[in-house]
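K.L.:
Any chance you could fold what I've pasted below:
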Amino acid sequence: MSIAAIAAELVIMICGPVAAAIWIRRRFAVPGRVFWIAAGFFLVNLVVNVPLVTLLWPSLFGTGSCCSRRPR
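P.N.:
Numbers count the residues shown, from 1 in each chain. Coordinates of the predicted model:
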C-alpha cells in the first residue's frame, strides 16, 4: 500500500467525523459535550471488545481465518 493511500485514509477517517460533528452541532444546536460522551463510549467499547476478540477468536475458530489458509 502506498504512503499516499494511507495518508488519504487517515485524512478521511479523522476529518470526516470531525466535519460531521461540526455540521451536526451547528445545524441542530447539539452541545459539544454529546460528541465527547460518544467518543468516550466508543473508546470503552474498544477497550472491552479488542481483548475479548483477541482471546476468544483462536479458541472458537482456530488460529487463522478462512481467508488466510494456504490451498492444498
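
K.L.:
Are there helices or strands packed against the stretch of helix or strand Leu46 belongs to, and which ones?
P.N.:
For Leu46, the host element (DSSP states H and E) is helix 32-61. On a contact count with 3 or more Cβ pairs under 8 Å, 6 or more residues apart in numbering; DSSP states H and E, helix 32-61 meets helix 3-28. Where C-beta positions appear, they are placed from N, C-alpha and C, glycine not excepted.

K.L.:
so the helix it packs on versus helix 32-61, what angle?
P.N.:
130 degrees (axes from the mean of the first three to the mean of the last three Cα atoms, to 10 degrees).

K.L.:
ok, back up a step: pull out the buried positions in the helix holding Leu46.
P.N.:
Phe35 (16 or more other Cβ atoms under 10 Å).

K.L.:
And Gly32, how far from Ile12?
P.N.:
Per Cβ to Cβ, to the nearest Å, Gly32 is found 22 Å from Ile12.

K.L.:
what's the offset of the helix holding Leu46 from the middle of its chain?
P.N.:
Here helix 32-61 is found 9 Å from its chain centre; the criterion is Cα atoms, centre = their mean, to the nearest Å.

K.L.:
pLDDT averaged over it - what is it?
P.N.:
The average pLDDT for helix 32-61 rounds to 91.

K.L.:
likewise stretch 5-20?
P.N.:
Here the average pLDDT along stretch 5-20 is 94.
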